[in-house]
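Enquirer: Need a 3D model of the following:
(2 chains)
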2 protein chains.
Amino acid sequence: MKFEIIKKSKKSKARVGKLYTKHGVINTPAFLPVGTQGTVKAMTPRDLNEISSEIILANTYHLFLRPGPDLIAQAGGLHKFINWDKPILTDSGGFQVYSLAENCKVFDHGVEFKSHIDGTKHFFTPEKVIDIQKAFGSDIMMPLDECVPYPCDRNTAEKAMEKTLAWAKISRNYPIDEEAQTLYGIIQGSTYKDLRVRATQEISSLNFKGYGIGGLSVGEPQETMFEILEAINPYLQDHAPRHLLGVGYAQDILGAVKYGMDTFDCVIPTRLARHGSFLTLEGKVSIRQARFEKDFTPIDPECDCYACKNFTKAYIRHIFWAREILGMQLLTIHNLRFFMRLMAKIRQEILDEV
Amino acid sequence: MKFEIIKKSKKSKARVGKLYTKHGVINTPAFLPVGTQGTVKAMTPRDLNEISSEIILANTYHLFLRPGPDLIAQAGGLHKFINWDKPILTDSGGFQVYSLAENCKVFDHGVEFKSHIDGTKHFFTPEKVIDIQKAFGSDIMMPLDECVPYPCDRNTAEKAMEKTLAWAKISRNYPIDEEAQTLYGIIQGSTYKDLRVRATQEISSLNFKGYGIGGLSVGEPQETMFEILEAINPYLQDHAPRHLLGVGYAQDILGAVKYGMDTFDCVIPTRLARHGSFLTLEGKVSIRQARFEKDFTPIDPECDCYACKNFTKAYIRHIFWAREILGMQLLTIHNLRFFMRLMAKIRQEILDEV
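Expert: The predicted structure follows:
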């Protein structure tokens, strides 16, 4: 992997870059649609290509449990299995272990948990999580981390950060094929600025090729998130791309780019679409509203997506009330295209700065 | 509408034809994907074009209740509302009134029923059902009929047939724009050959431009259905296309074509797809089966659909177990393409006869 910075903003810490991977180039700042179980919900790979998605994220926890890394390796890797030939970032599985799995117990050498699907017991170590992502053939891998909820007392946050750092060291030394795959380092530390700064310094000293910033957008005020991003910025290595995990709404991303974040992923656009909402810069709007009953205009007349080019709000409202799958398909296409256009606009604005 | 017979089989009553409508040509024998509520479930219009669907069916009962004929007319008609510029056949609404609605009461001049959605009371007359389909702008319309379940005693079947004929006469005399829309006549009569023959004679004497054969494939043995199709064949006007309503499985269609049927519609391919089954000439197969777990071959290596060209059984099985929408999308595309290829093969075999 190579990261090239094309331009830095003079007004903020924002950068425009190109991330070169074995499976293609990603123009940053970029948004990654989330394909939790090996499919971006309600989207075909050609839909993803059409909206100009250059990379997707898949969840290690989910794919580990089902269909499992052995089957994916036998299929020829995750790209081939899911028919997606562009880059894939997989997360560490950590977030899902703590939020979704049952009976989760953290030990020095890893975390024990029970599958939310069938209750089977599993154990993730830093090494195992990398082995799983090696079987997937992910372009960008994340090391095992410990995630804490918000709010979180300082002592718990500090211990989790220390564990994350210890596991980061083990992960950094674990052999991988650096020609094909890249391991990022994850920064934790909850909402404590000094913990976050220390985590950033330590991760930077390990010279990972990129950063994952975890444990944000978990309930804290947006301002708090921005304060943390501002605090850690001086300690991030300039040449390394920064992925802000699980963020977010348009306004979160617009802000975070200014604090030097390069890539983002979030289930918001796809989840809201399935629940009948389309996204605007100001937030979500439910297509089910009565005011759209006879609205024979597209969701967004400026948008070039398949949904906006071919269907009216009245029609999409009708198929949502009728519980038709096509409603979810169309709003998912629109919401993801909305994010792709937003990112293209962000990049262009930085490039256009004089 | 114009129906041109290209070739008649010498081995059976099968014919290959071309049905010319305002919205395009349909090569017959043809299968119509069902778009009950104004969308073929889990398919976009471009998916339908890609599988070479030349016409779809929509349900008058459902679209009457929601979003209603006034809204559809305001949208510029059904084609424009649902973004489908090829032909549309709408049914009479009769079948759904008797099978889906509540408190259904048949009178001489029509049928009263309560909406299955919100319990509101409605009344369908022969005139009203045509008015609704005029608002839709359907290429092919069906007149109100009375449908009986199977089995059905002779007396009930005869009365329903008589009512269907009386309504057919009213419908035939009701003014429509024959340049834009075509009204078929419906033949009922349950499994009683003599009733079916009389119904066919009467409908033929009214000189409808086409026939709808209703009330078959409702539980009777396949042989019984074929016997009825054989019995009525001599009384069907040769130049008029025959639509066999709600039929069916591949084997039903293969047989019915030999008895002179030209077009077919059925929810089987789309419904089975959503439930995880793909179609073969021999019937349905569940993709969820353990034997497909590591089957890295397509559903059908001969098939040219998007699902078979790009995905393995192992992957589709995985996303079905994971309850992902893409599974329903892919199997729907495959099952409908399976029917399109079946119909093309049927046409070619008749054309190739020496």
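Enquirer: Close to chain B: what parts of chain A are there?
Expert: A:37-39, A:41-46, A:62, A:66-67, A:71, A:74-76, A:81-83, A:274, A:293-294, A:296, A:306, A:310-312, A:314-315, A:318-319, A:321-322, A:324-326, A:328-330 (C-beta under 8 Å from any C-beta of the partner chain). From N, CA and C alone the C-beta is placed, and that goes for glycine too.
Enquirer: So among the residues you listed, which ones count as buried?
Expert: The neighbour count (16 or more other C-beta atoms under 10 Å in any protein chain shown) marks A:37-39, A:41-45, A:62, A:67, A:71, A:75, A:81-83, A:274, A:306, A:311-312, A:314-315, A:318-319, A:321-322, A:324-326, A:328-330 as buried among the residues of chain A next to chain B.
Enquirer: Kindly list the longest helix within chain A.
Expert: Across chain A, the longest stretch assigned as helix under DSSP state H is helix A:325-352.
Enquirer: how far is that helix from where the chain is centred?
Expert: 15 Å (C-alpha atoms, centre = their mean, to the nearest Å).
Enquirer: Now do the buried residues in that helix.
Expert: Buried residues in helix A:325-352, counted by 16+ other C-beta under 10 Å: A:325-343, A:346-347, A:350.
Enquirer: now do stretch A:140-150
Expert: Judged by neighbour count (16+ other C-beta under 10 Å), stretch A:140-150 contains these buried residues: A:140, A:141, A:142, A:143, A:144, A:145, A:146, A:147, A:148.
Enquirer: could you give the mean pLDDT of that stretch?
Expert: The pLDDT scores in stretch A:140-150 average 96.
Enquirer: residues contacting the most centrally placed residue in chain A?
Expert: Nearest to the geometric centre of chain A sits residue A:265, at 2.5 Å (C-alpha atoms, centre = their mean). Under the criterion of C-beta atoms under 8 Å, 6 or more residues apart in numbering or on different chains, the neighbours of residue A:265 are A:31, A:32, A:33, A:34, A:57, A:89, A:243, A:245, A:246, A:247.
Enquirer: host element of residue A:279?
Expert: strand A:277-280 (DSSP states H and E).
Enquirer: One more: residue A:316?
Expert: Using DSSP H and E, residue A:316 sits in helix A:313-321.
Enquirer: Report all helices and strands that that helix contacts.
Expert: In terms of contacts (3 or more C-beta pairs under 8 Å, 6 or more residues apart in numbering or on different chains; DSSP states H and E), helix A:313-321 is packed against helix A:325-352, helix B:78-82.
Enquirer: hang on, the earlier thing: going through the contacts of residue A:265, which ones are buried?
Expert: Buried among the contacts of residue A:265 by 16+ other C-beta under 10 Å: A:31, A:32, A:33, A:34, A:57, A:89, A:243, A:245, A:246, A:247.
Enquirer: Grab the nearest non-local neighbour of the residue of the stretch 151-300 of chain A found nearest chain B.
Expert: Closest residue of the stretch 151-300 of chain A to chain B, C-beta to the nearest C-beta: residue A:296 (5.7 Å). Counting by C-beta to C-beta, 6 or more residues apart in numbering or on different chains, residue A:296 lies nearest to residue A:312, which is 4.5 Å off, once chain neighbours are set aside.
Enquirer: show me what contacts the one you found?
Expert: Per C-beta under 8 Å, 6+ apart, neighbours of residue A:312: A:295, A:296, A:297, A:298, B:75, B:81.
Enquirer: tell me the pLDDT at it?
Expert: Residue A:312 is assigned 98 on the pLDDT scale.
Enquirer: From residue A:295, how far off is it?
Expert: Residue A:312 is 7 Å from residue A:295, where distance means C-beta to C-beta, to the nearest Å.
Enquirer: can you check residue A:336 too?
Expert: Separation of residue A:336 from residue A:295 (C-beta to C-beta) stands at 22 Å.
Enquirer: Tell me, how many residues neighbour the nearest residue to residue A:258 once chain neighbours are set aside?
Expert: Computed as C-beta to C-beta, 6+ apart, the closest residue to residue A:258 that is not its neighbour in sequence is residue A:12, at 3.8 Å. Neighbourhood size, residue A:12 [other C-beta atoms under 10 Å in any protein chain shown]: 14.
Enquirer: And the helices in the stretch 201-350 of chain A?
Expert: For the stretch 201-350 of chain A, applying DSSP state H, counting those that start in this stretch gives helices covering A:222-232, A:250-258, A:268-274, A:306-310, A:313-321, A:325-352.
Enquirer: now the fourth one: how far from the chain's centre is it?
Expert: Taking C-alpha atoms, centre = their mean, one finds the center of helix A:306-310 at 26 Å from the center of the full chain.
Enquirer: CA-only coordinates of that helix in CSV, if you can.
Expert: Below are the C-alpha coordinates for helix A:306-310, written out as CSV (Å, rounded to 0.1, in the frame of the first residue of the first chain):
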residue,chain,number,x,y,z
TYR,A,306,-30.4,5.4,-10.5
ALA,A,307,-33.1,6.1,-8.0
CYS,A,308,-33.2,9.9,-8.7
LYS,A,309,-32.8,9.5,-12.4
ASN,A,310,-35.8,7.1,-12.8
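Enquirer: List of residues touching it?
Expert: Under the criterion C-beta under 8 Å, 6+ apart, residues A:47, A:50, A:298-301, A:303, A:316, A:330-331, A:333-334, A:337, B:44-46, B:83 lie in contact with helix A:306-310.
Enquirer: Kindly recompute the last result at 10 Å.
Expert: For helix A:306-310, the external contacting residues (C-beta atoms under 10 Å, 6 or more residues apart in numbering or on different chains) are A:47, A:50-51, A:273, A:278, A:297-303, A:315-316, A:326-327, A:329-335, A:337-338, B:44-46, B:82-83.
Enquirer: tell me the domain ranges of chain A?
Expert: Following automatic domain parsing, one finds the domains of chain A at A:29-266, A:276-354.
Enquirer: which one of these has the most crowded surroundings?
Expert: domain A:29-266 (a mean of 20; mean count of other C-beta atoms under 10 Å in any protein chain shown).
Enquirer: any idea how far residue A:88 lies from residue B:269?
Expert: Residue A:88 is 33 Å from residue B:269, where distance means C-beta to C-beta.
Enquirer: Kindly report the same for residue A:4.
Expert: From residue A:4 across to residue B:269, the span is 49 Å (C-beta to C-beta).
Enquirer: Residue A:308 too?
Expert: To residue B:269, residue A:308 is 29 Å away according to C-beta to C-beta.
Enquirer: Now do the contacts for residue A:292.
Expert: Neighbouring residues of residue A:292 by C-beta under 10 Å, 6+ apart: A:285, A:286, A:299, A:312, A:313, A:314, A:315, A:316, A:317, A:318, A:320.
Enquirer: Let me see the contact set for the second one.
Expert: By C-beta under 10 Å, 6+ apart, the contact list for residue A:286 reads A:272, A:275, A:276, A:277, A:278, A:292, A:317, A:320.
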